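Engineer: Fold the following and give me the result.
(2 chains)
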Amino acid sequence: MTTPAAAPYPSEHVPTTGIPNGKLGVWLFLASEVMLFATLFTTYIVLRMAAPSWPAGWEVLNVPLATLNTVVLITSSVTMVLAYAKACERDRAGFYRMIGLTIALGFAFLVVKAFEYGAKFHHGHFPSTDIFYAVYFTMTGLHGLHVIGGIGFNVYLALWAREHWEHPLFIGRVEYGGLYWHFVDIVWIFLFPGLYLL
Amino acid sequence: MAVPHSEPRSSEHGSGFIDKYVFSVDHKVIGLQYFFTSCFFLIVGFAMIMLLRWQLAFPGQPLPLIGRLLPMTWAPDGILMPEFYNQLGAMHGTIMVFLGIVPLGVGAFGNYILPLQIGAPDMAFPRLNMMSYWLYLPGGMLMLLSFVLPGGAAQSGWTSYAPLAIVNPGQTVWLLAMVVIITSSLLGAVNFIVTTLNMRAAGLTLGRLPIFVWAQLVTAILLLLAFPPLEAAAVLQLMDRIAGTSFYLPAGLVVAGESLKVAGGGQPLLWQHLFWFLAHPEVYVLILPSMGIVAEIIANGTRKPIFGYTEIVASMIFIGAMSFIVWAHHMFLSGMSPRLSNFFLVTTMIISVPSVAVLTCLVWSLKGGSIRFTTPMLFSLAFLPLFGIGGLTGLPLGLTVTDIYLHDTYYVIGHFHYVVVTGTIIALMGGTYYWFPKWFGKQLNDFWGKIHFWGTAICMNGIFFPMFIQGLAGVQRRLYDPTAQLHNLSTQPLNVVSSVSAWLLFLFQIPFLVNIVYTIFKGKRCEENPWRATTLEWACASPPPHGNFERPPRVYRGPYEYSTPRAREDWTPQHVPS
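Structural biologist: Numbering: from 1, shown residues only, chains lettered A, B, ... in the order given. Now for the predicted structure:
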């Protein structure tokens, strides 16, 4: 502890609720993200109900590629949990392996998605083509941005670990990154059947 | 635990000017940044409506003095163009709500006062707090900048109804700026909730929180859950504008004689639903912090505990929850199913009950009090009847039958502005007088404060009361030239009354602004706790140093222990052991 004049407060504030500030903050942030995607899903339902006809997802979209992407993303959630576990066990090499795999799988998801988009553009299907493609591109596009954000945070964790492996907040941050990454995964779990299979 | 390994807190302060006053992580500096920035936006938004009100009072006549200074595309020969008139109207609403009042009530007052009232050294996430401000400022500047960009500012009303907003120029920048501002609000909301729940001083249970803190907590929850839908809706409208989608556009639209080349299949009503799903909770985001401020000042100014603390807090929480299921009362005439209207009619009548309960408790708090008619107290006392008028005039709008007649008339404008101007802004002005000694250690001049109060209160009524009469006479809102319709002519003189009151209101703000600037630079230091207040923000120095309190305060009692029997003085602070 330092002198009272320099640091009048204990540097470790004890949270009143017992939940660390960061964890509570991430959960609240995820609550607002739920509202964001809930709005998009509601929009989808409203537009689809009102449409005189709606194409079946599996006939116009590439289900095998999307299934592959689902597997990729679920696997990345598993590696994310393992990265957290390795961080808790203080297994540094294991942590780098797992967070690296998570990042790689995130990129793999984006690459597959890019091929999917490319094929659609090649066949002349754009967001402006019809309301189905408007919904498809907007929802998957916004989800893709969230994947990019998640990859960004995981890269930050991997870089931060080099200097701050012993930092008391390190394990917590890995956990918060994991919470967010699982959320991104869960959104896809709804998007996949909602857009491709229904 | 060693200090360098802790979260960056107030101890991590730079000493340079940039670190201290520009990119500060101190909640007090950020609060004042919010205060001055939102005051700037309030003045800008007010200036816009003062221009607009010239056209309403004297349609088609050249604007005197400043008319010649405006560009030809806005006002040739000093006569306002209809497009410019529409831009002024849309931007007035947007700026006042999203860049003026919310940042003042939440960003400024919440940021500065809330951590002090819960005995915290800072917000839970100081850097997030800084980022929130530094998103708000560029977002607001982008919004203002849109006036000089090709196509001009947004001109489809602050509600931006589709499909009009999608085909009108200027909307793209509005949407981009809104996304930035919403993100800023979301970061703030997370920060406020975590701070309130996690950073409280020892002994400060939820039941001992000042009402202002409760109000900020409920407000933050509303912002957190209601803003993302508008963000999504704005993204969809942005897609409609720049990617050629048609989320809000049905097929077969004809604009200016030409059929619109879009795929169609969209729902214009969807925008209204998503917009009002935010914008009704937003009304409570505007009013709840003000109720909190008024409760603080009334307890202090009557020297007695607030009447019905539990009832006020419960009502605020109930208002917050209900505010998510009343939105479609803005849409009774939109073509929505009448059966749906009945549901929203009932919920609207229900939500008026807790609002009346809060107001009743505040009025009843005056009973038996030993009232000090200080400047902040005058503003708070004026809040009670004026907000009451605003609230009660809302009931005929919430009932479907009367709303058919009143919808989109000046009655709506009058109602809304009674709530937000004579309610919220009056309370925020009172809060400024009340907490100014906390911010600067100096007290605003009381004489000029009272001049400011009486001028403001009278002029505000002069602006908005005539609007009820106009609305009942059937004058529609958003008219460029009210005299173009015969039935408006009988109430046209009232437009002159409103406009002159608006310009006078501006004159009465000059003593306020001069008072603030003069006191900051030339004012004498006042006592640490000039109002003899009990809450925790007065348990530290004024203005508080970085880290706020000398040592972590401990709380022994509820927030409003005034005139306790057998106590030595008529106020017993929360942090003093008995």
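Engineer: residues contacting residue 154?
Structural biologist: In the absence of a named chain, this looks at chain A. A:Asn154 makes contact with A:80, A:99, A:102-103, A:106, A:177, A:181, according to C-beta atoms under 8 Å, 6 or more residues apart in numbering or on different chains. (C-beta placed from N, C-alpha, C; glycine too.)
Engineer: wait, chain B
Structural biologist: B:Ala154 neighbours (C-beta under 8 Å, 6+ apart): B:87, B:90-91, B:94, B:146, B:160, B:165, B:168, B:170-171, B:173-174.
Engineer: now do 6 Å
Structural biologist: B:90, B:170-171, B:174 (C-beta atoms under 6 Å, 6 or more residues apart in numbering or on different chains).
Engineer: Okay, and which of those residues map to helices?
Structural biologist: B:90, B:171, B:174 (DSSP state H).
Engineer: State the number of residues packed around residue 60.
Structural biologist: Just so you know, I chose chain A. For A:Val60, the tally of surrounding residues (other C-beta atoms under 10 Å in any protein chain shown) stands at 14.
Engineer: wrong one, I was asking about chain B
Structural biologist: 11.
Engineer: measure it to chain A for me?
Structural biologist: Remark: distance between B:Gly60 and chain A (C-beta to the nearest C-beta, to the nearest Å) = 42 Å.
Engineer: related to what we said a few turns ago, ok, of the ones in helices among the contacts of B:Ala154, which come out buried?
Structural biologist: Buried positions within those, assessed by neighbour count (16 or more other C-beta atoms under 10 Å in any protein chain shown), are B:90, B:171, B:174.
Engineer: Among those, which one lies nearest to B:Lys304?
Structural biologist: B:Lys304 has its nearest neighbour among these in B:Ala90, at 45.6 Å by C-beta to C-beta.
Engineer: Wait, that closest one touches B:Gln155, no?
Structural biologist: Yes: contact criterion C-beta atoms under 6 Å: B:Ala90 and B:Gln155 qualify, at 5.3 Å.
Engineer: circling back to that earlier point, between the ones in helices among the contacts of B:Ala154, which sits nearest chain A?
Structural biologist: Of all the ones in helices among the contacts of B:Ala154, chain A sits closest to B:Gln171, with 17.4 Å by C-beta to the nearest C-beta.
Engineer: OK, contacts around that closest one?
Structural biologist: B:154, B:165.
Engineer: mind redoing it with 8 Å?
Structural biologist: Listed by C-beta under 8 Å, 6+ apart, the contact set of B:Gln171 reads B:154, B:156, B:160, B:165, B:237, B:241.
Engineer: and the gap between the third one and chain A?
Structural biologist: Okay, so that is B:Ser160. Applying C-beta to the nearest C-beta, the value for B:Ser160 to chain A is 16 Å.
Engineer: Does that residue touch B:Gln237 like I think?
Structural biologist: Yes: in this structure, B:Ser160 is within contact of B:Gln237 by C-beta atoms under 8 Å, at 7.1 Å.
Engineer: Are there residues contacting both of the two? Which ones?
Structural biologist: Common neighbours of B:Ser160 and B:Gln237 (C-beta under 8 Å, 6+ apart) are B:171, B:271.
Engineer: from the contacts of B:Gln171, which is closest to B:Asn445?
Structural biologist: Using C-beta to C-beta, B:Ala154 is the member of the contacts of B:Gln171 that lies nearest B:Asn445, at 39.7 Å.
Engineer: How about that closest one: what's its closest non-neighbour residue?
Structural biologist: By the measure of C-beta to C-beta, 6 or more residues apart in numbering or on different chains, the closest residue to B:Ala154 outside its immediate chain neighbours is B:Trp174, 3.7 Å from it.
Engineer: So the one you found sits against B:Ser160, correct?
Structural biologist: Yes: contact criterion C-beta under 8 Å: B:Trp174 and B:Ser160 qualify, at 6.9 Å.
Engineer: Overlap of the contact sets of these two?
Structural biologist: The contact lists of B:Trp174 and B:Ser160 share B:90, B:154, where a contact means C-beta under 8 Å, 6+ apart.
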